[in-house]
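Got a predicted structure plus its sequence, pasted below:
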Amino acid sequence: MRARMVHVGYKQMSQAYSVNGEFINAVDRARLNDILLDAAEKMDNVTVHFGHRLMMIDFDKNVMTLETGHGQTVHHRADLIVGADGAYSKTRVQMMRRMRLNYEQQYIDTAYCELSMPPLIGKNGRHEFALDPNHLHIWPRHTFMLIALPNPDRTFTCTLFMPFEMFDQINTSEKLMELFNTYFHDAIPLIGEGRLKHDYFANPRGSLISIKASPHNLNGKAVIIGDAAHAMVPFYGQGMNCGFQDVEVLHQVLDSHGIIPTNIQGLDRALEDYSNVRVKDAHAICDLAMYNHYEMRSAVTSLRYLARKKIEGWLHYVAPRLVIPLYTMVSFTTLPYSTAIERWHKQTFWLNVAMGAASVSVAVGITALGIRQNQDTVKSVIESVWRRL
C-alpha cells in the first residue's frame with residue numbers, strides 16, 4: 001500500500017506515504033504464523049509443544065511449571081527463559097514477583113469491531129477489489145473512524161473504531177444504519193447492508209491496550225520480548241515489526257558479548273545491555289502509536305497537517321539527509337524509534353521557526369506595501385495623535 005486514501009464527504013484524497021514511492025505491506029498474520037512454525041519445526045535443535053500453559057517459574061532453578069491440555073503438570077528447565085507470551089504475559093508477571101519491574105498499562109477509550117467488505121464480480125466473472133487495493137482506506141471522523149485493509153482474496157477487512165459509549169448507544173439496526181448513512185455512506189453499498197448489520201452485531205468488541213515495562217530482563221535468567229514487553233495500540237502498524245526487531249537486537253547484543261549455547265558467562269551483563277538499548281525504543285514506539293491514533297482519526301483532514309506534510313515531503317526530496325518525515329523514519333528506515341522521535345522534535349522546532357519567519361516576512365511586506373500606498377492617511381493619523389499629546 002503506497003498511500004492512505006482519506007474518505008471525506010463524497011471525495012477521496014490520496015496521501016502518499018513517501019515521496020520516493022516507498023510502501024507498506026498488509027500481511028496475513030495467521031499465514032505468517034504458519035510459515036514461522038514450519039521453519040522452526042525443520043530445525044533439529046527446536047522442539048515445539050502445543051497446548052502448554054505456563055503456571056509459574058522457579059527462577060532459583062530456572063524451572064518452568066506448565067499445564068498441558070490434558071491437565072497434566074510438566075516441568076522444563078532452561079538456561080535462559082524468553083517470554084514472548086503476549087500482552088497478558090505470565091512470564092512478565094512471574095518476573096514482577098522477583099524484581100522491581102516498572103509496569104505501565106493503559107486501556108484507551110476506543111473499542112473496535114471488524115466488518116467484512118466482499119469482492120466485486122467483474123465483467124469477466126472474476127473477483128475484483130471493491131476499492132483501490134494499493135491504499136489503506138480511512139474514513140476519519142475525529143473521535144471515531146472506519147478503516148479498510150486489502151486481503152489476498154480481494155476482500156477488505158474493515159475495522160470500526162469508536163468510543164465504548166458509542167458502541168453501547170448503537171444497539172439497533174436502525175441506529176447502525178443512521179450512523180453509516182451520516183458518516184460512512186459510501187461504504188454501505190460496498191459492504192452491503194445485510195452483511196454490515198450481521199457483522200456489527202455478531203462480531204465481538206475488542207479493547208486496545210498499551211503496555212510499557214522496564215527493564216525487560218531478570219538478571220541473566222529471563223527476558224521478555226514482543227507484546228510481553230511493549231504492547232501497543234495498532235495505529236502505526238509497528239507491533240509485529242517491533243517484535244521482530246527485538247529478536248534482531250537481542251541476537252546482536254548476545255553476539256557482542258560472545259554468548260553462545262556452550263558459553264553463557266556474562267549473560268546477565270548482556271541482558272542488562274539489551275534492556276538499556278531496547279526499553280527506550282519500546283517506549284518510544286508505544287507513544288508514537290498513540291499519536292498516530294490521533295493523526296488517523298482527525299489530523300489527516302487538517303489543513304495545517306496537510307501543509308506540513310507537503311513542505312516536509314518537498315524538503316526531504318531536495319535534501320533527503322537533512323529532513324526526514326517522521327513516518328519515513330519509523331516505517332522505511334532502521335533508525336531506532338527513540339532517535340526518530342528526537343530528530344522529529346528538532347525538525348518540528350526548526351520547521352515552526354522557518355514557517356513563523358516566513359509568515360512574519362509576508363505580514364511585514366504586506367504592511368509596508370499598504371503604508372506606501374496610503375502615505376497621506378498614515379501621516380494624518382500620526383499628526384492627529386501628536387497634537388493630542
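Arrived safely, thanks for sending.

now the helices for this protein?
Remark: helices assigned in the chain by DSSP state H are 29-41, 90-96, 164-169, 173-183, 188-191, 193-202, 227-230, 239-256, 267-297, 303-318, 326-332, 337-373, 375-388.

what's the fourth one in contact with?
It refers to helix 173-183. Residues outside helix 173-183 that contact it (Cβ atoms under 8 Å, 6 or more residues apart in numbering): 139, 141, 144, 146, 169-170, 187-188, 193, 196-197, 200-201. Where you see a C-beta, it was placed from the backbone N, CA and C, and this is true even at glycine.

same deal with the second one?
Among residues not part of helix 90-96, those counted as contacts by Cβ under 8 Å, 6+ apart are 54-57, 59, 81, 83, 85, 101, 103, 213, 218, 222, 224, 228-229.

right, so of the helices of the chain, which gets closest to residue 107?
helix 164-169 (9.6 Å; Cβ to Cβ).

can you pull the buried residues of the closest one?
Buried positions in helix 164-169, judged by neighbour count with 16 or more other Cβ atoms under 10 Å: 166-167.

Give me the mean pLDDT for stretch 160-170.
Stretch 160-170 shows an average pLDDT of 97 in the prediction.

distance between the ends of that stretch?
Using Cα to Cα, to the nearest Å, the end-to-end distance of stretch 160-170 comes out at 12 Å.

ditto for stretch 35-52
Using Cα to Cα, the end-to-end distance of stretch 35-52 comes to 21 Å.

now that stretch, how far from the centre of its chain.
Computed by Cα atoms, centre = their mean, to the nearest Å, the chain-centroid distance of stretch 35-52 equals 29 Å.

Report all helices and strands that the strand of greatest length in the chain contacts.
Identified as the longest strand of the chain according to DSSP state E is strand 102-117. On a contact count with 3 or more Cβ pairs under 8 Å, 6 or more residues apart in numbering; DSSP states H and E, strand 102-117 meets strand 156-162, helix 164-169, helix 188-191, helix 193-202, strand 206-214, helix 267-297.

Most tightly packed of the ones you listed?
Highest mean neighbour count among the helices and strands packed on strand 102-117 (mean count of other Cβ atoms under 10 Å): strand 156-162, with a mean of 22.

Which elements pack onto that one?
Packed against strand 156-162 by the contact rule (3+ Cβ pairs under 8 Å, 6+ apart) you find strand 102-117, strand 145-150.

Put the alpha carbons of stretch 249-266 into PDB.
As requested, the backbone C-alpha atoms of stretch 249-266 are provided in PDB (Å, rounded to 0.1, in the frame of the first residue of the first chain):
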ATOM      1  CA  VAL A 249      18.700  -6.600  18.600                       C
ATOM      2  CA  LEU A 250      18.800  -9.400  21.200                       C
ATOM      3  CA  HIS A 251      21.000 -11.500  18.900                       C
ATOM      4  CA  GLN A 252      23.200  -8.600  18.200                       C
ATOM      5  CA  VAL A 253      23.800  -7.900  21.900                       C
ATOM      6  CA  LEU A 254      24.300 -11.600  22.700                       C
ATOM      7  CA  ASP A 255      26.800 -11.900  19.800                       C
ATOM      8  CA  SER A 256      28.700  -8.700  21.000                       C
ATOM      9  CA  HIS A 257      29.100 -10.400  24.400                       C
ATOM     10  CA  GLY A 258      30.200 -13.700  22.900                       C
ATOM     11  CA  ILE A 259      27.200 -15.600  24.300                       C
ATOM     12  CA  ILE A 260      26.700 -19.000  22.700                       C
ATOM     13  CA  PRO A 261      24.800 -22.100  23.800                       C
ATOM     14  CA  THR A 262      28.000 -23.700  25.200                       C
ATOM     15  CA  ASN A 263      29.200 -20.500  26.900                       C
ATOM     16  CA  ILE A 264      26.700 -18.300  28.700                       C
ATOM     17  CA  GLN A 265      29.200 -16.500  31.000                       C
ATOM     18  CA  GLY A 266      28.300 -12.800  31.100                       C
END
